[in-house]
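Chemist: my questions are about this predicted structure, shown below with the sequence.
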Amino acid sequence: MSFIKAGQDARGNDINIFYQDWGQGDPVVLIHGWPADHQMWEHQSHSLAHYGKRVIAYDRRGFGKSDKPWGSYDYDVLADDLKALLDGLDLQNVTLVGFSMGGGEVARYMSRHGGARVSRVALVSAVTPFLLKTDDNPDGVPQEEFDKIIEGLRKDRPDFLQDFGKKFYGVGVVSKPVSQATLDWMQMLCLPAAPHATEECAKAFSSTDFRQDVRSIKVPTLIIHGTDDQTVPIKSSGDKTAELLPQATYIKYDGEPHGLFITSKDRLTQDLLDFTSGSTASGDNRYAVREPLA
């Protein structure tokens with residue numbers, strides 16, 4: 001297995017970040033959402049590598065196969081972990097793709113580390129620019145909703161995550177956009193995370209103000225968000241991020257939930273392929289399946 005050292009814990013032990021590295025070409029770094037791990041990118045990682053990209057997907061500290069230290073999980077720490085990965089692999093001309101919580105890492109990395117090594121960024125169902133409802137962010141989500149996450153995790157983490165997965169993919173009494181097997185798979189990805197990391201990351205993505213971080217992004221940017229996202233509401237996130245980055249390409253996936261990397265996996269992969277190749281979105285007729293590269 002492949003690991004990158006990302007600093008040390010309070011006891012002086014190395015913190016190791018697990019990653020997987022596929023394909024050849026310009027690097028695309030995939031940053032997973034909460035509370036899963038890098039395997040959520042199963043479809044995109046395979047397809048992007050198949051079509052000529054070098055794909056690196058890693059597990060955030062506290063999740064998946066990465067080390068699970070006690071301590072801070074704020075976005076400065078997480079952005080520094082991303083820097084350790086990019087530096088350790090000596091990646092250049094990188095496209096950063098952040099899903100949900102991972103969008104925060106992208107934004108904080110771009111401001112904290114000056115966007116070093118990065119040529120493009122994609123924010124998919126991202127928590128940017130600021131989720132929490134405050135006096136100067138009236139379209140945000142009330143603190144009480146985030147408090148319920150912590151309460152649910154502490155009461156019965158597996159049960160909370162199981163219910164969370166249904167909302168994540170837009171599953172309802174009538175709506176069944178994903179199979180039970182996919183829900184079980186998602187649960188399998190989430191449970192190995194450290195409970196401490198799961199809670200601390202929930203606090204981080206719900207309370208961190210990324211508005212200045214987003215404004216610091218000067219490279220070509222793709223924003224993708226589902227209009228029926230009940231986990232990270234588009235009004236509080238995608239729409240606001242697009243306002244702060246008027247030169248970005250903003251694609252709304254009509255009727256899609258938060259977990260569109262599964263529910264609209266082919267369309268997302270095509271958009272990422274086009275974006276990393278220098279194209280921009282123009283219409284749904286572009287989403288035909290490509291022939292494999294030779």
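Modeler: Okay, I see it. Residues are numbered from 1 along each chain as shown.
Chemist: buried residues, the helix or strand hosting Ala202. List them.
Modeler: Element membership of Ala202, judged by DSSP states H and E, is helix 195-207. Under the neighbour-count criterion of 16 or more other CB atoms under 10 Å, helix 195-207 has Ala197, Thr198, Glu199, Glu200, Cys201, Ala202, Ala204, Phe205, Ser206 buried. Quick note: C-beta positions are derived from backbone N, CA and C, even for glycine.
Chemist: name the helices or strands packed onto that helix?
Modeler: Judged by 3 or more CB pairs under 8 Å, 6 or more residues apart in numbering; DSSP states H and E, helix 195-207 is in contact with helix 101-112, helix 143-168.
Chemist: tell me the SS of Val214?
Modeler: helix (DSSP: H, G, I helix; E, B strand; the rest coil).
Chemist: mind checking pLDDT for Gly102?
Modeler: According to the prediction, Gly102 has pLDDT 98.
Chemist: I meant to write Ser66 there.
Modeler: pLDDT, read off for Ser66, is 98.
Chemist: what number of residues lie near it?
Modeler: 25 (other CB atoms under 10 Å).
Chemist: now do it against His38, distance only.
Modeler: Remark: distance between Ser66 and His38 (CB to CB, to the nearest Å) = 9 Å.
Chemist: residues bridging contact with those two, i.e. touching both?
Modeler: Common neighbours of Ser66 and His38 are listed as Phe18, Tyr58, Asp59 (criterion: CB atoms under 8 Å, 6 or more residues apart in numbering).
Chemist: picking up where we left off before, now the angle between helix 143-168 and the helix holding Ala202, please.
Modeler: Comparing the axes of helix 195-207 and helix 143-168 via axes from the mean of the first three to the mean of the last three CA atoms, to 10 degrees yields an angle of 110 degrees.
Chemist: reformat the buried residues of helix 195-207 as a markdown table; add pLDDT.
Modeler: Output for those, formatted as a markdown table (pLDDT from 0 to 100):
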| residue | pLDDT |
| --- | --- |
| Ala197 | 98 |
| Thr198 | 98 |
| Glu199 | 98 |
| Glu200 | 98 |
| Cys201 | 98 |
| Ala202 | 98 |
| Ala204 | 98 |
| Phe205 | 98 |
| Ser206 | 98 |
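Chemist: ok, so of these, who is nearest Asp14?
Modeler: Ala197 (17.0 Å; CB to CB).
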